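Peer 1: got a sequence here, can you build the structure:
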Amino acid sequence: MSMALGNVAALQFSASALFGIRSATSSFQQPMQTRINFSVKPLVMRARGNAQTESAKIRNRRMQKKYNGTPKRPRLSVFCSGKQLYAMLVDDQNKNCLFYGSTLQKSVRQNSPCSTSEAAKRVGEELIKACNDLNIHELSSYDRNGFATGERIRAFEIAISEHGFLPR
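Peer 2: As a prediction, the model looks like this:
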């Protein structure tokens with residue numbers, strides 16, 4: 001028994017050795033751990049986009065700050081998703097939507113099936129009817145939300161430009 005106690009006394013551990021930190025006072029020899037060399041890649045900074053051409057969304061946000069809609073001269077906002085077109089007349093002073101129309105509405109689609117470009121033209125015609133009911137003769141701005149003029153937007157613009165809301 002005395003021999004077993006003698007061996008225990010020869011092993012002196014400090015608290016740091018228990019937690020993985022090597023101490024110079026420990027008489028217990030641990031094998032040397034090899035260090036793994038990591039290859040360090042150089043840091044490459046890239047710009048997010050071309051500084052000369054800015055995003056259509058950024059231009060649109062700047063335009064919305066400049067042109068605010070009023071009850072008599074609202075802002076026409078058009079959103080064109082992958083398949084549908086949505087249009088709103090917005091009164092920015094009172095934070096109110098004066099008109100909302102989309103190619104999904106049953107009144108636009110009616111009973112006969114039609115393409116989305118024909119439905120977009122019908123949305124433009126309903127917008128003109130709503131403007132006549134609300135006694136609106138002029139728009140403060142036309143906001144396409146940064147979208148290019150595709151087939152649906154072009155059909156919508158033709159319908160409202162016939163009544164003088166957009167220049168041809």
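Peer 1: switch to C-alpha atoms for all contacts and neighbour counts from now on
Peer 2: OK.
Peer 1: from the chain's centre, how far out does the longest helix seen in the chain sit?
Peer 2: In the chain, with assignment by DSSP state H, the single longest helix is helix 116-133. For helix 116-133, the separation from the chain centroid amounts to 28 Å (computed by CA atoms, centre = their mean, to the nearest Å).
Peer 1: any idea which element Lys57 lies in?
Peer 2: helix 56-66 (DSSP states H and E).
Peer 1: elements contacting that helix?
Peer 2: Applying 3 or more CA pairs under 8 Å, 6 or more residues apart in numbering; DSSP states H and E, one finds that helix 56-66 contacts no other helix or strand.
Peer 1: quick one: the helix or strand that it is followed by to helix 56-66, angle?
Peer 2: Using DSSP H and E, the helix or strand that follows helix 56-66 in sequence is strand 75-80. Comparing the axes of strand 75-80 and helix 56-66 via axes from the mean of the first three to the mean of the last three CA atoms, to 10 degrees yields an angle of 160 degrees.
Peer 1: just to revisit the earlier point, ok, the next helix or strand after the longest helix of the chain: who's next to it in the sheet?
Peer 2: Downstream of helix 116-133, the first helix or strand assigned by DSSP H and E is strand 141-143. Paired strands of strand 141-143, with direction, are strand 75-80 (parallel) (DSSP bridges).
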